[in-house]
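Peer 1: take a look and give me a structure for this.
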Amino acid sequence: MASTEPDEEPRLPGDARLRRPEPSVLRAEAAPPARPLRAEDVPAALQLSAAAQWNQHADDWLCMLRLGQGWGIDAVGDDGRQRLAASVIVLPYGRDFAWVSMVLVLPEFRRRGLAQALLRHALAHLQGQGRFAVLDATPAGHAVYVQEGFVDTWSFARHRREAGPLPAAPPAGPSLRPLREDDWPAIEALDAPAFGASRLSLLRSLAQRLPQAAWVAEQGGRAAGYVLGRNGREAAQIGPLLATNAATAQALLRAALAAVADQPVYVDLLDHQQALRAALPSWGFAFQRPFTRMVHGAAAAPGDPTRIVLAAGPELG
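Peer 2: The predicted structure is shown next:
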């Protein structure tokens, strides 16, 4: 995933881009109609995310389409071929809210209002369901979302680590073990209040993607935290990670990183996790960019983020 963002192309959730509307060139109402995305669209959808140099894997697209709903716009390119030119995904969580992500446009189709049309289509769809929308925005995309009625809540930042061994671990730490099938009720009990709704189907899917990075921390015979990961186009993504204290958070992250030490890694660390943020440079991580969690149709983000250490990623929450 690219480490820089051109100021002239604000970034959208799920690592997408959207230029600020200019009435003389950008008319969302003139965009071609949106159509539902299906599993057979995944190869074309991968071209969208790869063209933007983002980390999504085919499994990400398949998972989001299975758990949520997507729309695309087809358009004829300069070569006379019709193709999938733009996309958006919504992921419902519980009864009250949904994630908006993967707002992507192929480079040759930008500045035609496609991204704005799809974003508004998704928001209208969610309004009809009585759900509010949540997304994660970079500074470059922030003004676009404010214009569409989104408001700020809390923030986090992406960090990248290149492949390589970890520094020596502390001599003692919390009790960790690989995730087991019978852990899911305890994981959901820890995760749902923090995230704001049950996302058990997503978590189970992620655990299958990178099982060696799935760990549980125990304290007093009870789950005190967990971590999951997934494969990506150019790097593994570690997260979500939830923990009841900083020592557990660091131990879980170290265990997941050790399992994928032979590949680059992204983590999306919440800003309030100051102890872990201070430790990341010594573990080989470099800051990439910040994100702001924003909501549309609500005053605050769902859940209680105090136990969230790593987000699952801007496309998932």
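Peer 1: and for T153, the neighbour number?
Peer 2: 16 (other Cβ atoms under 10 Å). C-beta coordinates here come from the backbone N, C-alpha and C atoms, glycine included.
Peer 1: all helices of the stretch 151-300 of the chain, in order?
Peer 2: In order along the chain, the stretch 151-300 of the chain carries the following helices (DSSP state H, counting those that start in this stretch): 184-195, 200-209, 246-259, 274-279.
Peer 1: and the nearest residue to P139 once chain neighbours are set aside, how far from A86?
Peer 2: With Cβ to Cβ, 6 or more residues apart in numbering as the criterion, P139 has its nearest non-adjacent residue at 6.5 Å, and that residue is P290. According to Cβ to Cβ, to the nearest Å, P290 stands 25 Å off from A86.
Peer 1: and these two? Which one has more around it.
Peer 2: The neighbour count for P290 versus A86, taken as other Cβ under 10 Å, is higher for A86 (30 against 15).
Peer 1: quickly find the element holding the more buried one.
Peer 2: Assignment of secondary structure by DSSP states H and E places A86 within strand 82-93.
Peer 1: work out the gap between that strand and the centre of the chain.
Peer 2: On the basis of Cα atoms, centre = their mean, to the nearest Å, strand 82-93 is displaced by 15 Å from the centre of the chain it belongs to.
Peer 1: now do that strand, average pLDDT.
Peer 2: Along strand 82-93, the predicted local confidence has a mean pLDDT of 97.
Peer 1: right, and the helix or strand after it?
Peer 2: If you walk from strand 82-93 toward the C-terminus, the next helix or strand you reach (DSSP H and E) is strand 97-105.
Peer 1: what packs against that following strand?
Peer 2: Using 3 or more Cβ pairs under 8 Å, 6 or more residues apart in numbering; DSSP states H and E as the contact criterion, the elements in contact with strand 97-105 are strand 16-17, helix 42-51, helix 58-67, strand 82-93, helix 114-129, strand 132-137.
Peer 1: let's see that with 6 Å instead.
Peer 2: Using 3 or more Cβ pairs under 6 Å, 6 or more residues apart in numbering; DSSP states H and E as the contact criterion, the neighbours of strand 97-105 among helices and strands are strand 82-93, helix 114-129, strand 132-137.
Peer 1: what pairs with that strand, parallel or antiparallel?
Peer 2: Strand 97-105 pairs in its sheet with strand 82-93 (antiparallel), strand 132-137 (parallel), by DSSP bridges.
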